[in-house]
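Visitor: Need a 3D model of the following:
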Amino acid sequence: LPGIRDGFDRLADAVQRADGLDQRQSLRVSVAPSFAAKWLLPRIDRFQAAWPDLDVRLDTNLRTLDFAIQGIDIGVRYGAGRWPGLEVEKLLDEEIYPVCSPALLAGGALHAPSDLAAQTLIHDLSVDVNVGFATWEMWLAKAGARAVSTARGLRINNSAAVLQAAVDGHGVALARSIMARDDLAAGRLVRLFPEIELASELAYYVVYRTECASLPKLTAFRDWLFQEAARR
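Guide: As a prediction, this is how the structure comes out:
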């Protein structure tokens, strides 16, 4: 029995040390699928180059996760900035505007917001409008084009897919500036009517548990997120 007990004690100690090592070398990050696809993943190489020994594990679940239960270290959430039990820091503000493909714009039929009446409007249903998410109705009211009907169009519940539909020429999308930034820079999309500005009531926030705030891996990723946000 003493020999067996000693063996189990050594095994338990080894498991604990291995578990601690895994915790030091991995970072579990929670983000929405669209934010991962359109903002985080195009930039993550720079973080991995700076921290090659840190294994980033992305959780792109659409559900709001319990960080403690799910073992999430840090996340980026989109909303009004109120998540009880988490530390919250604003990362990026956002503007809302219409975009379309260069080919659609070249058709020459989009000179004023009222011309949108003849176009297929692509609606983003990824966020509940009850939390302040901007809609076509809101943008058209700001543009003074209330006569444009929003009753029909293409409706998609994923912001990345909304932009892809616009890139493919399926209509005019109401874009979120953070999501559309790289597509605009690459020329895949064109912003329409830039003189009309509509700021979103929602923003992107870095969130994490208070008890994890001092972890080196968390602070490294948090600081990198803010560095990337400042790059614009």
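
Visitor: quick one, helices of this structure?
Guide: In the chain, the helices defined using DSSP state H lie at 2-25, 33-35, 44-50, 67-70, 102-106, 136-143, 159-167, 177-185, 216-231.

Visitor: Tell me which of those sits nearest to A117.
Guide: helix 136-143 (9.8 Å; C-beta to C-beta). Where C-beta positions appear, they are placed from N, C-alpha and C, glycine not excepted.

Visitor: Give the buried residues for the closest one.
Guide: Neighbour-count burial for helix 136-143, counted by 16 or more other C-beta atoms under 10 Å, picks out 136, 138-140, 143.

Visitor: At the geometric centre of this protein, which residue sits there?
Guide: F35 (2.3 Å; C-alpha atoms, centre = their mean).

Visitor: Name the member of the buried residues of helix 136-143 with the shortest distance to G79.
Guide: Nearest member of the buried residues of helix 136-143 to G79, counting by C-beta to C-beta, is M138, at 17.0 Å.

Visitor: wait, what's in contact with the residue nearest to P102 when sequence neighbours are not counted?
Guide: Spatial nearest neighbour of P102, chain neighbours left out: V190 (5.4 Å); criterion: C-beta to C-beta, 6 or more residues apart in numbering. Applying C-beta atoms under 8 Å, 6 or more residues apart in numbering, we find V190 in contact with 99-102, 105, 184.

Visitor: pLDDT value on the residue lying closest to A203 once chain neighbours are set aside, please?
Guide: Among residues not flanking A203 along the chain, D93 sits closest, at 5.0 Å (C-beta to C-beta, 6+ apart). Looking at D93, its pLDDT stands at 97.

Visitor: now swap in R191 and tell me
Guide: R191 is given a pLDDT of 98.
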